[in-house]
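**Q** need a structure here:
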Amino acid sequence: MWSDLKQTSRPPISSLLDDAGRAADFSASVDGMLFDYSKTSMTHEARALLFELAMSSGLEALRQGMFNGEGINATEGRAALHTALRNTTRESVMLDGINIMTGVRNELDRMILFAENLRQGRFQGDKITDVVNIGIGGSHLGPEMCSLALAPYHNGPRCHFVSNVDGADIGDCLSRLRPRNTIAIVASKTFATAETVMNAKAAMEWMASEVQCPGERFAAATSFPDRAIEFGIEPDKVFRFEDWVGGRYSIWGPVGLSLMIAIGADRFREFLEGAASMDDNFLNAHWRENMPLLLAMTGLWHHQVCGYTSRAIIPYCHRLARLPAYFQQLEMESNGKGVTLDGQPAQVETGSIVWGEAGTNAQHSFFQFVHQGSWVVPCEFMVAVEGYEPQLANHQRMLVANCIAQSEALMRGRGLGEVKSKMIEEGLPLDEIDRLAPHRVFPGNRPSTTLIFDRLTPGRLGQIISLYEHRVFAEGVVLGINSFDQWGVELGKELAMEMDAILSDDSPIEGRDCSTRQLAKFAKTRLVS
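**A** Next up, the predicted model:
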């Protein structure tokens, strides 16, 4: 099937758009959001083959299996039921004969009670003004990205986010706060991640400088409550999510506690409802209106068929500045696998390189590369038409104009003849025109997709995240890999613990390669004990 796809024609995108019906045909709408993938080289024939490939990969059964709690995370022997955390309609989701929705909703109620009490302004006699979320990976990127995205809805304590083991991260954060006015949330699935535990210990010591019982000022989101309690956090402040929720899919449950504190329980429910609406689209919509499937097929077309190894996420929204990093983890940790589910080497390249930046900043950093570089980078634009600053409506109009214009410019390009004509109009000498014209040519025919919607609300943000989660899952199914494990992060962690012992003089440096020995020796002579 892949060979058939690679043999399909790829006409210039501009010629495909000569068909006035293409934009409507190669787009889909869900609840007011419009996804336009017409500025790609995908033809009707290619699209049909892509969906034939998807269906032959068992996508429909695996999709249903994910929602039903089947053990689709085969390498770890468990379900992937993050969708249950945002389930707003089904009364039951069964796993091993147990309705897990009872536990999910009980934990949500506990979160709401804790968050709303905290938002009233006082905690054990002190006014709480700040919340510090301590995590890494999905336990950091999710809350941080969503908190920034939904800043117009903040009406609770200020939220801060610490992830890096570099002491500068937590040091800079805590230096601006007062312990008696702060509560810390340790978000860690295992409650054993080295960076998170080290930062949590530093926060505990800092809290003890002003609070008599520092453990009372901590909460936790984890799959291992006993470890959080042993750390010193009171049981009623420990919020549990099960091992069938991966870290990068965990924002919908207790890991989202800091977000709930910032925006309130009602808005957090809207966030969940938005994600649930996209779940419904993925599970039930016909493929022509199935936004996650269409986004997945576009991704497979660009990478596995056209050979474009990276894609850029360009949200034209300053408050979505951390979204590219969030999707980078989602995609590259999920589908960065070289082995298929049957243990064999993958026959095609798997997960894409994902990167990006908020527009319009991106236009003044790497868009030179995107427009005129020798590599083709499909861009995935997204933009909200309405902003939250009515006094700056002209800014919003210019923002939207830039987003739409960039997709057009990538597609159209500017040929040598047009360049020379413009330079003649500028009155440049002919010898200058001949010398400079090649530098001003834009090759064009560069693909992009655009997701455009009314406003960045909690519900819209939920839809967008859910859209990309399901896109990654669908691509993984077609590629024959497990999108829900992440064994690739383990080796570096193990060696880091060994190296920490070596740098502490507790272990010999022998037995390592010459480069590693050299680096370790250089560091040991300068590290402070």
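
**Q** ok, Glu205 - how many residues close by?
**A** Counted with other C-beta atoms under 10 Å, residues neighbouring Glu205 total 11. Heads up, the C-betas are built off the backbone N, CA and C, glycines and all.

**Q** again, but for Gly415
**A** Number of residues near Gly415 (other C-beta under 10 Å) recorded here: 13.

**Q** which ones are touching it?
**A** Contact partners of Gly415, counting by C-beta atoms under 8 Å, 6 or more residues apart in numbering, are Val441, Gly444.

**Q** relative to Gly77, how far out is it?
**A** 57 Å (C-beta to C-beta, to the nearest Å).

**Q** what about Phe268, which helix or strand?
**A** Using DSSP states H and E, the element containing Phe268 is helix 265-284.

**Q** what mean pLDDT does that helix get?
**A** What helix 265-284 shows for mean pLDDT is 98.

**Q** also stretch 173-181?
**A** Mean pLDDT, computed over stretch 173-181, is 96.

**Q** got the contact list for that stretch?
**A** By C-beta under 8 Å, 6+ apart, the surrounding residues in contact with stretch 173-181 are 126-130, 132, 160-162, 202-203, 206-211, 214, 217.

**Q** for stretch 3-16, same thing?
**A** 22, 38-41, 43, 45-46, 49-50, 53, 301, 304-306, 411-412, 444-445, 447.

**Q** what ranges does the stretch 151-300 of the chain have for its strands?
**A** Under the criterion DSSP state E, counting those that start in this stretch, the stretch 151-300 of the chain contains strands at 158-162, 182-187, 218-222, 238-240.

**Q** any buried residues in stretch 127-141, and which?
**A** For stretch 127-141, the neighbour count (16 or more other C-beta atoms under 10 Å) marks 128, 130-141 as buried.

**Q** what's the most distant pair in those residues?
**A** For those, the farthest-apart pair by C-beta to C-beta is Ile128 and Gly137; their separation is 26.2 Å.

**Q** for the chain, which helix or strand comes out least confident on mean pLDDT?
**A** Lowest on mean pLDDT, DSSP states H and E among the helices and strands of the chain sits strand 122-123, with a mean of 70.

**Q** quick one: name whatever helix or strand follows that one.
**A** strand 126-127.

**Q** what count of nearby residues applies to Ser209?
**A** A count of nearby residues for Ser209, using other C-beta under 10 Å, gives 11.

**Q** nearest spatial neighbour of it, skipping sequence neighbours?
**A** Leaving out its chain neighbours, the residue that sits closest to Ser209 by C-beta to C-beta, 6 or more residues apart in numbering is Pro179, at 6.0 Å.

**Q** hmm, back to that, export the buried residues of stretch 127-141 to CSV and tack on pLDDT?
**A** Listed next are the buried residues of stretch 127-141 as CSV, based on pLDDT from 0 to 100:
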residue, pLDDT
Ile128, 92
Asp130, 96
Val131, 97
Val132, 98
Asn133, 98
Ile134, 98
Gly135, 97
Ile136, 97
Gly137, 95
Gly138, 94
Ser139, 96
His140, 97
Leu141, 97
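
**Q** quick one: which of those residues sit in helices?
**A** Counted as lying in helices by DSSP state H, out of those, are Gly138, Ser139, His140, Leu141.

**Q** give me the secondary structure label for Glu380.
**A** strand (DSSP: H, G, I helix; E, B strand; the rest coil).

**Q** count of residues packed around it?
**A** Neighbours of Glu380 using other C-beta under 10 Å come to 26.

**Q** got it, and Ala192?
**A** 11.

**Q** so it sits against Asp226, correct?
**A** No: applying C-beta atoms under 8 Å as the test, Ala192 and Asp226 come out as separate, 11.5 Å apart.

**Q** so, low pLDDT: which residues of the protein?
**A** For the chain, applying pLDDT under 70 flags the ranges 122, 506, 529.

**Q** for the top helix by length along it, name the packing helices and strands.
**A** Longest helix in the chain, counting residues (DSSP H): helix 458-479. If contacts are counted by 3 or more C-beta pairs under 8 Å, 6 or more residues apart in numbering; DSSP states H and E, helix 458-479 sits against helix 44-56, helix 59-68, helix 138-149, helix 265-284, helix 291-300, helix 323-335, strand 448-453.

**Q** quick one: closest of the ones you listed to Gln391.
**A** Here helix 138-149 is closest among the helices and strands packed on helix 458-479 (C-beta to C-beta), at 21.1 Å.

**Q** outside of the closest one, which residues touch it?
**A** With C-beta under 8 Å, 6+ apart, helix 138-149 has contacts from 133, 135, 154, 159, 161-163, 187-189, 196, 221, 246-251, 255-259, 262, 271, 317, 319-323, 325-326, 329, 456, 461, 465.

**Q** quick one: which helix or strand includes Arg526?
**A** Using DSSP H and E, no helix or strand contains Arg526.

**Q** what about it, neighbour count?
**A** 6.

**Q** against Met198, how distant is it?
**A** From Arg526 to Met198 the distance is 20 Å (C-beta to C-beta).

**Q** same question for Ala168.
**A** Relative to Met198, Ala168 is positioned 13 Å away (C-beta to C-beta).

**Q** and if you look at Phe67?
**A** In terms of C-beta to C-beta, Phe67 sits 37 Å off from Met198.

**Q** okay, these two: which has more neighbours?
**A** Phe67 (18 against 14).

**Q** ok, Ile112 touching Ala265?
**A** Yes: the pair Ile112 / Ala265 is scored as a contact, 4.4 Å apart, by C-beta under 8 Å.

**Q** ok, Val183 - how many residues close by?
**A** Careful, residue 183 is Ile; it's not Val. 24.

**Q** let's verify Ser9: helix, strand, or coil?
**A** coil.

**Q** now the residue lying closest to Glu45 once chain neighbours are set aside: how far from His318?
**A** Leaving aside its chain neighbours, Glu45 sits nearest to Thr8 (5.4 Å; criterion: C-beta to C-beta, 6+ apart). Using C-beta to C-beta, Thr8 is found at 39 Å from His318.

**Q** check Ser209 too.
**A** Using C-beta to C-beta, we find Ser209 at a distance of 36 Å from His318.

**Q** cool, Met207 as well?
**A** For Met207 relative to His318 (C-beta to C-beta), the value is 33 Å.

**Q** more neighbours: which of these two?
**A** Using other C-beta under 10 Å as the criterion, Met207 and His318 rank with Met207 on top: 22 against 16.

**Q** nearest spatial neighbour of that one, skipping sequence neighbours?
**A** That would be Pro214: by C-beta to C-beta, 6+ apart, it lies 3.7 Å from Met207.

**Q** the one you found against Ala208, yeah?
**A** Yes: in this structure, Pro214 is within contact of Ala208 by C-beta under 8 Å, at 4.4 Å.

**Q** so between those two, which is more surrounded?
**A** Neighbours per residue, other C-beta under 10 Å: of Pro214 and Ala208, the larger number sits with Pro214, 18 against 14.

**Q** check contacts around the more buried one.
**A** Going by C-beta under 8 Å, 6+ apart, Pro214 touches Pro179, Met204, Met207, Ala208, Gly232.

**Q** any idea how many residues pack against Gly167?
**A** Per other C-beta under 10 Å, the neighbour tally for Gly167 reads 11.
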